[in-house]
Each structure stands twice: as C-alpha cells, then as structure tokens.
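1. 3D model of this:
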Amino acid sequence: MERKSTRLKKAISERRAVVVPGCHDALSAQAIDAAGFEALQISGFGVAASLLGKPDVGLVQMKDILDLTWNIVQAVEIPVMADVDTGGGNAINASSITARLIAMGAAGMNIEDQAFPKRCGHMSGKQVIDSAEMVGKVRACVDVRRELDEDFIINARTDAFAQYGLDEAITRCNLYLEAGANLVFIDAIGSREDIASAVREIQGPLSVNLMDGVTGVRTELIPIPELAELGVARVSIPVASVLVAHRALSDFFGALRTSPSGILSGETERLTAFDDFTASVGMAGYQAMEQRYLPGE
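-> All right, here's what the predicted structure looks like:
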C-alpha cells in the first residue's frame, strides 16, 4: 500500500495548488476527509483556540500537539500534515519530534523560523531566528526523514516577510530548500505579484495560505485555479474549521438562551441529524463489535 506521505509528495510535486484545509480536532478532520479533499493540515491557530480557548501565541504544549496529531491521523484516511510551530526548541528537539510524527503516520509537518514564543503568522510583532539556526533545524529533520520515511514532507515556513520583506523571505526559502525541505511557505505574503515573484525565484515548491472574510489577513485572496496557473504547489485554508465551529456554536447557544420557550423546537437546520452524526463517527462498526465480542444479556 502506498504511504500517505508518498501520495502527498506526488500531489505537491505537480504544483497544481492542491488544497489542504486546516482542521482543529479529529471531528473537523473527518469532515474535511468526507468532503473529498486530498489532504489536510492541522491548524495551530485552531488547536490553540479549541484546546485552550486562547490565541495562537505559543501557549499550547508540544505534548498536547503530538497527542492531538495522533488522534487526527487515526481518524482519517487522507494524508495529515502536522503543525509543530518552532519545532519544540532547537534542532535536537525538532529532530525528535520529526521521528515521533513519522512513527504515528503523519505525512508531513510545518516548522517555522519564528522566535519562541511564536504567534499566528498574520499577527503583528513577530520575530524570526537567524536563518542559520533554522537551516540547522531543517537539516536535523531531513536526517530523520532520510532514515524513517524519505517521502515525509517538511514544509519550512518563514515569517521574515513582515519584518524584512519579500527578498529576505525568498532568500530564506531557498536556504531551507537547499537544506532539504520539500516545500516552503512565506507566511503573510501580500499580493498576487509577490506570490508570482516568489514562485519564479524560489528553487522549489511554494505553499500559500488563503482565508476569506477574516479581518487582518494580509494575503490577497486569489482563486485556486489562478494560483495553479502561477505554479503554486499547495494552498492551505488554515483557520476555517475553528471559525465555522465558533460561529455555529455562538449562533445556536445565543438563540437558545434568548428563546422564550427555552428550546429551539423545529430549527433542525442548525443541527446534523443524530443518526447521521453517529453514522459519521462509525457507530455501526462499534455496534457490530459489541455483537461479536460482548456476552449477551
């Protein structure tokens, strides 16, 4: 059977702007899988919000990230890319985390050159480490990949655009590719022209993030077919799952709290039918196991 990392690597190598939506937990991952997407990305922003109810400013512990990644990988059939932020520390930490991700079946990971504590890429006040330090992290991860899964995707993200501009971001991307990264990502890159320049000047596949209707997002919203024409390899839709969930939860419980009857009778459009939900999480399979293995009454 073909490894999920191999499937993902092939898709990225075609540079057709393969869409990789972000999830924040196993349930949102299953929704992405069921919708027919080829792969998914775990959203650090979404994990911080859903797990802690906090912003993405480096508060989530690496153990929690790895535990959640395991749950998501086991919940879906499509390739999963993890988000390990700055790699848990220095190159030694990043090496260890890479090995654990490969062992649990992840198809790839994002690792970034922000200084710790990191923050969401579209927030102000970001700082980046020296490019030589990030090169060492990438090389350490590549050595693990070479030993355990040669197709595991290492997506090296730079946050240098906001602080130093496009030229420095492109320079860093090329350094990270030279160190062995499969894919690079300039977070918070600005315009279509910036993206086109990056595709031309970067010596390897480029990923971009897109998000509609989110205040403060700095990257121009460009249709996926146009990004494919530009030669973008991967497009992440990073924070949609947690924003959709937050809106639905807020609307439902707000309406419930203000309902004169205290219930929302008949407003079934707000909910997935219970039978449909239990089917989506595989209840029938567990019932079959009960029939097979558990004693009768």
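
2. surely K63 forms part of a helix?
-> Yes. Secondary structure of K63 (DSSP: H, G, I helix; E, B strand; the rest coil): part of a helix.

3. please report the distance of it from G87.
-> K63 sits 14 Å away from G87, going by CB to CB, to the nearest Å. To be clear about C-beta, it is placed using only N, CA and C from the backbone, and glycine gets the same treatment.

4. next one: S265
-> 51 Å.

5. in terms of neighbours, single out the busier of K63 and G87.
-> G87 (26 against 9; other CB atoms under 10 Å).

6. what ranges does the stretch 101-250 of the chain have for its strands?
-> Secondary structure of the stretch 101-250 of the chain by DSSP state E, counting those that start in this stretch: the strands cover 108-112, 153-158, 183-186, 206-209, 234-237.

7. now the stretch 101-250 of the chain, which segments are flagged as low pLDDT?
-> Where the stretch 101-250 of the chain drops to pLDDT under 70, the residues are 119-125, 212-217.

8. how many residues are close by the closest residue to A196 other than its chain neighbours?
-> Distance criterion CB to CB, 6 or more residues apart in numbering; nearest residue to A196, sequence neighbours excluded, is L230 at 5.5 Å. Residues contacting L230 under the criterion other CB under 10 Å number 18.

9. residues contacting L230?
-> Contacts for L230 were tallied using CB atoms under 8 Å, 6 or more residues apart in numbering; they are 192, 195-196, 199.

10. apply 10 Å and report the result again.
-> By CB atoms under 10 Å, 6 or more residues apart in numbering, the residues touching L230 are 15, 17, 192, 195-196, 198-200, 206, 208, 222.

11. just A91 next, same as before
-> Contact analysis of A91 by CB under 10 Å, 6+ apart lists 133-141, 143.

12. could you single out the nearest of those residues to D276?
-> C141 (40.6 Å; CB to CB).

13. not counting its neighbours along the chain, what's nearest I154?
-> A181 (4.8 Å).

14. same check, this time on R234
-> Nearest residue to R234 in three dimensions, chain neighbours excluded: S207, at 4.0 Å (CB to CB, 6+ apart).

15. and that neighbour, how far from R100?
-> 23 Å.

16. for V232, same thing?
-> Taking CB to CB, one finds V232 at 30 Å from R100.

17. so which residue is dead centre in this structure?
-> With distances taken as CA atoms, centre = their mean, Q41 lies nearest the centre of the chain, 2.7 Å away.

18. quick check: beta-bridge partners of that one?
-> Beta-bridge partners of Q41, counted by DSSP bridges, are G22, M81.

19. that one against L183, yeah?
-> No. Counting by CB atoms under 10 Å, Q41 sits too far from L183 to count as a contact (11.5 Å).

20. quick check: neighbours shared by these two?
-> Common neighbours of Q41 and L183 (CB under 10 Å, 6+ apart) are 81, 108, 110, 155, 207, 234.

21. could you export those as CSV, including neighbour count?
-> Listed next are those as CSV, based on neighbours: other CB atoms under 10 Å:
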residue, neighbour count
M81, 26
G108, 28
N110, 24
N155, 26
S207, 25
R234, 27
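
22. so which of these comes closest to L271?
-> Ranked by distance to L271 (CB to CB), those are led by M81 at 30.6 Å.

23. is it correct that the closest one is in contact with R157?
-> No. With contact defined as CB under 10 Å, M81 does not count as touching R157 (11.4 Å).

24. now the common contact residues for the two.
-> Here M81 and R157 have 110, 183, 207 as joint contacts, going by CB under 10 Å, 6+ apart.

25. out of the residues you listed, which comes closest to M283?
-> N110 (33.2 Å).
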